[in-house]
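>>> Let's see this in three dimensions:
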Amino acid sequence: MREYWISLNSINGLGPVRIQRLIEFCGSPRSVLETAPQLLAEKKLIMPSCINEWKINELLDNAHKQLEFCKDNEISVLIKTDEDYPLYLKEIFAPPPVLYVKGDTKVLSSHALGIVGTRNPSSYGVNCTRAITAKLCEKMVIASGLARGIDTVAHECCLDKDGKTVAVLGCGVDRIYPAENKNLAARICQHGALVSEFPPGTPPETYNFPRRNRVISGISRGVLVVEAGLKSGALITANYALQQNRTVFAIPGPINSPMSAGTFRLIKDGAVPVSKPEDIFEHLSPVPQVSLFASLPQETNRPQLCLDEEEKEIWETLSDEPVRIDIIAEQCGKQIPQLLGIMLNLELKGAVTQISGQQFRRALL
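Here you go, the predicted model:
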């Protein structure tokens, strides 16, 4: 069964939403792959471009090789139906069908708090992160992204206090990025886990990181932003947290610091200001149990786009020809970090396809 999930997940043009629809239509991942792709294309369940990739023997052979590599390198492969698949991540819209984990898989279903922030923190940000994390890790797992700056400080402080921490990567769990955090990653494997939705060997491409950010918030009960500029990727994580019905927390900072501009905006928009760990504990509540795909139409043979107004506006500016992300941003009047988060949602919903690098076109539904 696992090799069929991996095979489906490796086909370009099949995101989590399309894979779920295919399984609902066919009954299982194996049945999906054994169904004629021409029929699936006629039913509008896959794009015509997927037909050429529907080489079952080749897909399964690559999946078996991947599983062997993971076994040899002590990497666990989790699928959505596994008991060890992160509890809270199951509740988000379009959870990753496959996760790769190096370390303790059990820690992924513990109550976690995401801590994120700038890669270039001030001494104020570093000190706040250490002080807050030192107390939080006594009661919760700390999740972050192994990036330079606030992420690194949070992971290191948690480990120094004998806490558990999870690092979500924007590359394969065998490709540590940044390289300077290789030793830190090894420590995390001993006292937590490295997690990625990308197969081993995947390089740390820029467009992987919004997906990484959504998993950080997805495995967490809430997200704390320590320091962030207005264009910080930490704000993308906070935005996903809101979409996933998580609580967003922010540490106030000096009003004349550029690194406080993002957190100030979050607080202005309703994030919970934090000055001590108790501010976080008193606001957290369990994530409500909801249907994984409650927002999808029930009729699986004629899928429709379920877009909000912002997503629809951007989708309508696209065409069948690939367009670079900077051009889309200019046409829509959006900042690129904000736009990347929206494009990821559109990609997960099967509304757009990423061709190469940061080029997108409409999906052919």
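
>>> Would you mind measuring from residue 267 to residue 250?
Going from residue 267 to residue 250 by Cβ to Cβ, to the nearest Å gives 5 Å. Every residue, glycine included, has its C-beta placed from N, CA and C.

>>> I meant residue 51, not that one.
47 Å.

>>> do the same with residue 241
11 Å.

>>> Same question for residue 88.
In terms of Cβ to Cβ, residue 88 sits 21 Å off from residue 250.

>>> Going by how many neighbours each has, rank the two and give me the top one.
residue 250 (28 against 21; other Cβ atoms under 10 Å).

>>> How about the contacts made by the more buried one?
224, 225, 226, 238, 263, 266, 267, 271, 272, 273, 274 (Cβ atoms under 8 Å, 6 or more residues apart in numbering).

>>> just how off-centre is the strand or helix carrying residue 39 within its chain?
Element membership for residue 39 (DSSP states H and E) is helix 37-42. Taking Cα atoms, centre = their mean, to the nearest Å, one finds helix 37-42 lying 29 Å from the centre of the chain it belongs to.

>>> May I see the buried residues of it?
37, 40, 41 (16 or more other Cβ atoms under 10 Å).

>>> so who does the first one touch?
So that's residue 37. 46, 50, 51, 54.

>>> same thing with residue 181?
Applying Cβ under 8 Å, 6+ apart, the residues near residue 181 are 146, 148, 152.

>>> Any of those buried? List them.
By 16+ other Cβ under 10 Å, the contacts of residue 181 give 146, 152 as buried.

>>> Reformat the contacts of residue 181 as TSV; add pLDDT, distance to residue 330 and secondary structure.
What follows is the contacts of residue 181, written out as TSV (pLDDT from 0 to 100; distance: Cβ to Cβ, whole Å; DSSP: H, G, I helix; E, B strand; the rest coil):
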residue	pLDDT	distance to residue 330	secondary structure
146	98	32	coil
148	96	29	coil
152	98	34	helix
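
>>> Show the pLDDT at the nearest residue to residue 3 once chain neighbours are set aside.
With sequence-adjacent residues excluded and distances taken as Cβ to Cβ, 6 or more residues apart in numbering, residue 3 is closest to residue 63, at 3.9 Å. Looking at residue 63, its pLDDT is 96.

>>> how many neighbours does the closest residue to residue 281 other than its chain neighbours have?
Sequence neighbours aside, residue 139 is the residue nearest to residue 281 in space, at 7.2 Å (criterion: Cβ to Cβ, 6+ apart). Using other Cβ under 10 Å, residue 139 has 12 neighbouring residues.

>>> and residue 139, what element?
Counting by DSSP H and E, residue 139 is part of no helix or strand.

>>> Is the nearest residue to residue 254 once chain neighbours are set aside in a helix, a strand, or coil?
With sequence-adjacent residues excluded and distances taken as Cβ to Cβ, 6+ apart, residue 254 is closest to residue 260, at 5.7 Å. Here residue 260 is recorded as helix under DSSP: H, G, I helix; E, B strand; the rest coil.
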